[in-house]
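Trainee: Give me the fold of what follows.
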Amino acid sequence: MEPDDDKIDAAVLALLYLTLHDDRRAWKGVPWEATDRLHERGLISNPKTEAKSVVLSDDGMAEAE
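Mentor: Down below sits the predicted model:
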């Protein structure tokens, strides 16, 4: 059985939402593959930076809620 990336991404986005701090920032201690897909969909800022957190976009916040 292959993993369902859409379900994984939804779970990761929910976890990011639950760990929000400073309004829209979330720690990025989640699988890189998922954060890359969420970034490609415009739901979070670029995870490939030295920052230890990502920022949820308006669309990311709406979908996570």
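Trainee: so which helix or strand takes in V54?
Mentor: Secondary structure from DSSP states H and E places V54 in strand 53-55.
Trainee: With adjacent residues omitted, what lies nearest to L38?
Mentor: In this structure, L38 finds its nearest non-sequential neighbour in I44, 4.8 Å apart by C-beta to C-beta, 6 or more residues apart in numbering. (C-beta placed from N, C-alpha, C; glycine too.)
Trainee: still on that earlier bit, which strands or helices does the strand holding V54 pack on?
Mentor: The criterion is 3 or more C-beta pairs under 8 Å, 6 or more residues apart in numbering; DSSP states H and E, and the helices and strands that strand 53-55 contacts are strand 25-27.
Trainee: The strand it packs on: what's the following helix or strand?
Mentor: Moving toward the C-terminus from strand 25-27, the next helix or strand (DSSP H and E) is helix 32-40.
Trainee: Can you list the helices and strands that that following helix packs against?
Mentor: helix 5-18.
Trainee: For the helix it packs on, C-alpha coordinates in CSV please.
Mentor: In CSV, the C-alpha atoms belonging to helix 5-18 read as follows (Å, rounded to 0.1, in the frame of the first residue of the first chain):
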residue,chain,number,x,y,z
ASP,A,5,0.5,12.2,0.2
ASP,A,6,-2.7,14.2,0.4
LYS,A,7,-3.6,12.8,3.7
ILE,A,8,0.0,13.2,5.0
ASP,A,9,0.0,16.8,3.8
ALA,A,10,-3.3,17.5,5.6
ALA,A,11,-2.0,16.0,8.8
VAL,A,12,1.3,18.0,8.6
LEU,A,13,-0.6,21.2,7.9
ALA,A,14,-2.9,20.5,10.9
LEU,A,15,0.2,19.9,13.1
LEU,A,16,1.8,23.1,11.8
TYR,A,17,-1.4,25.0,12.7
LEU,A,18,-1.6,23.5,16.2
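Trainee: Show me which positions of it end up buried.
Mentor: Neighbour-count burial for helix 5-18 flags D9, V12, L13, L16, Y17 (criterion: 16 or more other C-beta atoms under 10 Å).
Trainee: ok, back up a step: what values do phi and psi take at the residue nearest to L38?
Mentor: The phi/psi pair for I44 (degrees, to the nearest 10) reads phi -140, psi 160.
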